[in-house]
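Undergrad: Next comes the sequence, and after it the predicted model I'd like to discuss.
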Amino acid sequence: MSLTPSHVDNLVRWAPDQVAGAYESHFIKVNLVAERVAFWWKFTVLQPIGAAARFEVWAIAFDLADPSRTCAAKQAFGAEAATIDRDVLRCRYGANLLEHGASSGSLDSPRGPITWDLRWSPPVEGLRHFPSEVMYRASIPKTKLNSPTVDGRFDGTVSVGGLSYTLHQTPGMQGHNWGTKHADAWVWVHANVLHGGGAGAWFEAVSSRVKLGPFTTPQLTIVALNDGADDPLLINGPVAMARAESHMDGLRWRFRSGDGSRSVEGVFHAPAERFVGVDYHDPDGTVTHCLNSKIADGELRVLHRDRGIWRLRRTLEATASAALEIGTKGDPMGVRLHLT
């Protein structure tokens, strides 16, 4: 069977014989803007060094109208309850299923069961963040990532504690990451409900510091933008990654990055009550707090160089619909840790 490039990007990389330890996650984000809710799911395998792998399914329901209704759930499974196919994406952990273009399952949360049955049509090609295929095969960087569906439309149903939602061409995305260790600190942003852009506008960025032996790199930033008007922009060259501006101020991230005659700058932020804190465990036992919001605000300014002067081309805005994830080993900045 011939697979599309996006399906190949989604294939499971983890193998049971990875004695040095590994982790791998496939995740889904959808935003029901009119209902003022968003959902996030994660299918993950964690292979601790010298221990048996465990297979986990996570879910978070974000409620903008009433943050007290925001809830999170996680369930772990042993190898006997986990089935992973190698030639296609198909992971079944207990009764929870993830495929290339579909997912279903149910988890218990403090608000009652979170159940879902989702379908979407992945594109032929997704977003590959790294500039070289070698970086996906080499031991460095220790975290690999791509977005097989960077801008999708989802159909199906979600229920949280008996309250049901219907998805019909609902904007969302599906991503994939894997490796041997999370970055020391990172920011990941995604938005595909963008006012001011053309049809199909989306934005994704990741900014992190990477540990190389005893040294830690400066902040490295990859930016990808389709504003629905000009050609898509992917700024991921080594020099551009290092030269990009990237600043964290509490739960607010500001950046600027450019390549040739075009650049993009912006800010993404949310108050603490729009985040859910979860702990990510590395194979070596290290723990990183991931401050996770799928209802963040953001603004993007697209600039073009005209006769040596940068001029504003357009402004795009995300209102309570952007993903903003902050990885930190330090202060969770007032964000409650729901899952540890």
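TA: Happy to help now that I have it.

Undergrad: Which stretches in the stretch 101-250 of the chain count as strands?
TA: 102-109, 112-120, 127-128, 143-160, 163-179, 185-191, 202-209, 211-212, 215-216, 220-226, 233-235, 245-249 (DSSP state E, counting those that start in this stretch).

Undergrad: quick one: low-confidence ranges for this protein?
TA: 212-213 (pLDDT under 70).

Undergrad: Nearest the middle, which residue of this structure would you pick?
TA: Nearest residue to the geometric centre of the chain (CA atoms, centre = their mean): Gly175, 5.7 Å.

Undergrad: count of neighbours near Asp108?
TA: Neighbour count of Asp108, defined by other CB atoms under 10 Å: 12. (C-beta placed from N, C-alpha, C; glycine too.)

Undergrad: That one contacts Lys74, doesn't it?
TA: No: counting by CB atoms under 8 Å, Asp108 does not reach Lys74; the two are 9.8 Å apart.

Undergrad: Contacts only, for Glu323.
TA: For residue 323 the amino acid is Ala, not Glu. 29, 40, 173, 188-191, 293-294, 296 (CB atoms under 8 Å, 6 or more residues apart in numbering).

Undergrad: do the same with Arg119
TA: Neighbours of Arg119 in contact, by CB under 8 Å, 6+ apart: 101-102, 154-156.

Undergrad: can you put the residues you listed in a markdown table and add neighbour count?
TA: Converted to a markdown table, the contacts of Arg119 look like this (neighbours: other CB atoms under 10 Å):
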| residue | neighbour count |
| --- | --- |
| Gly101 | 19 |
| Ala102 | 15 |
| Phe154 | 27 |
| Asp155 | 14 |
| Gly156 | 18 |
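
Undergrad: Distance to Arg209 added to the residues you listed, as CSV?
TA: As requested, those are arranged in CSV below (distance: CB to CB, whole Å):
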residue, distance to Arg209
Gly101, 34
Ala102, 36
Phe154, 33
Asp155, 39
Gly156, 37
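
Undergrad: Closest to Phe203 out of the residues you listed?
TA: Checking the contacts of Arg119 against Phe203 with CB to CB, the nearest one is Phe154 at 18.3 Å.

Undergrad: before we move on, the earlier item: now, among the contacts of Arg119, which is nearest to Leu225?
TA: Among these, and counting by CB to CB, the member closest to Leu225 is Phe154, at 21.6 Å.

Undergrad: Helices of the chain, start to end?
TA: Shown for the chain, the helices assigned by DSSP state H span residues 5-10, 134-137, 238-243.

Undergrad: The shortest one packs against which elements?
TA: Right, the one you point to is helix 134-137. strand 143-160 (3 or more CB pairs under 8 Å, 6 or more residues apart in numbering; DSSP states H and E).

Undergrad: now could you export just the CA positions of the strand it packs on as PDB?
TA: The C-alpha trace of strand 143-160 is given here as PDB (Å, rounded to 0.1, in the frame of the first residue of the first chain):
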ATOM      1  CA  THR A 143      13.000  15.900  20.000                       C
ATOM      2  CA  LYS A 144      11.500  15.500  16.500                       C
ATOM      3  CA  LEU A 145       8.200  17.000  15.300                       C
ATOM      4  CA  ASN A 146       5.900  17.400  12.400                       C
ATOM      5  CA  SER A 147       2.300  18.300  11.800                       C
ATOM      6  CA  PRO A 148       0.700  15.800   9.400                       C
ATOM      7  CA  THR A 149      -2.500  17.800   9.500                       C
ATOM      8  CA  VAL A 150      -1.500  21.400  10.100                       C
ATOM      9  CA  ASP A 151      -5.000  22.800   9.100                       C
ATOM     10  CA  GLY A 152      -7.800  20.300   9.200                       C
ATOM     11  CA  ARG A 153     -11.600  20.300   9.300                       C
ATOM     12  CA  PHE A 154     -13.000  17.900  11.800                       C
ATOM     13  CA  ASP A 155     -16.400  16.100  12.000                       C
ATOM     14  CA  GLY A 156     -17.900  14.000  14.800                       C
ATOM     15  CA  THR A 157     -19.000  14.300  18.300                       C
ATOM     16  CA  VAL A 158     -17.500  15.100  21.700                       C
ATOM     17  CA  SER A 159     -19.200  14.700  25.100                       C
ATOM     18  CA  VAL A 160     -17.900  16.000  28.500                       C
END
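
Undergrad: Cool, thanks, signing off.
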